[in-house]
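Undergrad: Quick check, what structure comes out for this input:
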Amino acid sequence: MRFAMILGVLLALFGESLAQVGVYSASGSWVHVKIKSKTSGPASNRLFTEDFSDNRNRWLIGRKGDYSYDISQNMYHIYKQASNSPASGQSIIKLPPTFDLNKLDTFMVQVDLAGPSGIIPDAGLLLGVKDSLNYCHFRINNKNQVSVKYVINGLSYTIYMRGDYVPAGIPLSATKNTLTVRKKTDQIHFYLNGREIPTSPYQFRQYQGTGIGFVTTTDGTTFQNLMISSGAASR
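TA: Okay, here's the model as predicted:
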């Protein structure tokens, strides 16, 4: 009898200790369970993706000025309606406040662009757009050149992102070119087809607005696979 009592006490104590460390009980409920999650997510957190399968983000459609704008075949198209016009075609959307690039320690913006029939377009990406007098652009042209420009109140700096077209130092493709802008803490980097352009990087300066978009002077320029991500960026 005494042995049976001692055995019962031992079993009760053992059961209590198991419950305290979170063992699954016979009643089907968890008791004081702590699970340490393992995070192995990607280095970057994708904030915004535009595949141009529709116009949910309200890009400019139809004719405006000397250009017309259209979405089809998962691409955004800009057509020049006045062949001798010196003006550029532009389309811009404003990102929500949660996507404010000024508030991100690191970010990446990327887009693919192409011209018609194997032509390298004079076109590019617009960032930090407030209005027509406040923006940053990253552009290429068919002379294998690249331009990075930062404009405030219609004026550009004399030594900082002044906008001059300079040799890209990287071969441009007649079929598709990928433009990438990447901020790493206090520097902003510009990449063409995965390679950093010779004038990059620059010190990051706050954008005046939250708009993002495209610019071109080439008839039939297309843009696709626009993406914005935040988080740690690979070098």
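
Undergrad: contacts, neighbours, all on C-alpha from now
TA: Fine.

Undergrad: Can you name the next helix or strand after the lowest-mean-pLDDT helix or strand in the chain?
TA: Sorted by mean pLDDT, DSSP states H and E, the helices and strands of the chain end with helix 2-20, the least confident at a mean of 42. Beyond helix 2-20 on the C-terminal side, the first helix or strand identified by DSSP states H and E is strand 44-50.

Undergrad: partners of that following strand, with directions?
TA: According to DSSP bridges, strand 44-50 forms sheet pairs with strand 221-231 (antiparallel).

Undergrad: so how far is the strand it pairs with from its chain's centroid?
TA: The chain centroid and the centroid of strand 221-231 are separated by 5 Å under Cα atoms, centre = their mean, to the nearest Å.

Undergrad: Let the chain start at 54 from now.
TA: Fine by me, first position is 54 from now on; the one you just mentioned is strand 274-284.

Undergrad: got the domain boundaries for the chain?
TA: 54-88, 97-284 (automatic domain parsing).

Undergrad: comparing those, which gets the lowest mean pLDDT score?
TA: Ranked by mean pLDDT, the domains of the chain bottom out at domain 54-88, with a mean of 37.

Undergrad: Pretty sure C189 sits against L208.
TA: No: applying Cα atoms under 8 Å as the test, C189 and L208 come out as separate, 11.4 Å apart.

Undergrad: For these two, indicate the residue with more neighbours.
TA: More crowded of C189 and L208, by other Cα atoms under 10 Å: C189, with 24 against 11.

Undergrad: I figured F191 hits Q198, correct?
TA: No: with contact defined as Cα under 8 Å, F191 does not count as touching Q198 (11.0 Å).

Undergrad: Please say which of the two ends up with more neighbours.
TA: F191 (24 against 19).

Undergrad: So the more buried one belongs to a helix, correct?
TA: No: assessed with DSSP: H, G, I helix; E, B strand; the rest coil, F191 is strand; it does not lie in a helix.
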